[in-house]
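Undergrad: I'll drop the sequence and a predicted model, then ask my questions.
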Amino acid sequence: ETWRAEMPGSSDSLASQSLSMRAAPDVDVQRDWEERELTHAIQLGIKKLTQFLNDFDSTTRDKLAALNGKIARMDRRMALVEATLDSVNEAPPT
């Protein structure tokens, strides 16, 4: 109060300018925090998505490897069955 009274031409407009000058950094700080929170949320989402995709890749590779093994066994059995049928068909009639 005494500072404003000593300044010539001081008024409430000077006080409001001072408040608005102090409020601007507060708004900038608030905006900065909001942007940081958004950035953090995006980074966390990307991290979770990456982890999910890595887990999915690992699980899928394991399942495909197991399926490939089953198909290979079936191919061998089919080859044996075909060879058995061919040998039966080629046998001379008795």
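TA: It's in. Everything quoted here is computed from the prediction, not taken from an experiment.
Undergrad: drop to CA atoms for contacts and neighbour counts, all remaining ones
TA: Will do.
Undergrad: residue ranges in the chain under the pLDDT threshold?
TA: 1-23, 91, 93-94 (pLDDT under 70).
Undergrad: and the longest helix for this protein?
TA: The longest helix of the chain (DSSP state H) is helix 12-90.
Undergrad: check the gap between Glu34 and Val27 for me.
TA: The span separating Glu34 from Val27 equals 10 Å under the rule Cα to Cα, to the nearest Å.
Undergrad: helices and strands around the longest helix of the chain, which ones?
TA: Taking 3 or more Cα pairs under 8 Å, 6 or more residues apart in numbering; DSSP states H and E as contact, there are no helices or strands that helix 12-90 lies on.
Undergrad: next one: it to chain centre, how far?
TA: Offset of helix 12-90 from its chain centre (Cα atoms, centre = their mean, to the nearest Å): 5 Å.
Undergrad: counting neighbours, what do you get for Lys70?
TA: Lys70 is flanked by 11 other residues according to other Cα atoms under 10 Å.
Undergrad: swap that for Asn89, sorry
TA: For Asn89, using other Cα under 10 Å, the count is 10.
Undergrad: what do you get for Val29?
TA: For Val29, the count of nearby residues is 12 (other Cα under 10 Å).
Undergrad: could you do the one 3 residues further on as well?
TA: A count of nearby residues for Asp32, using other Cα under 10 Å, gives 12.
Undergrad: quick one: it and Ile42, what's the gap?
TA: From Asp32 across to Ile42, the span is 15 Å (Cα to Cα).
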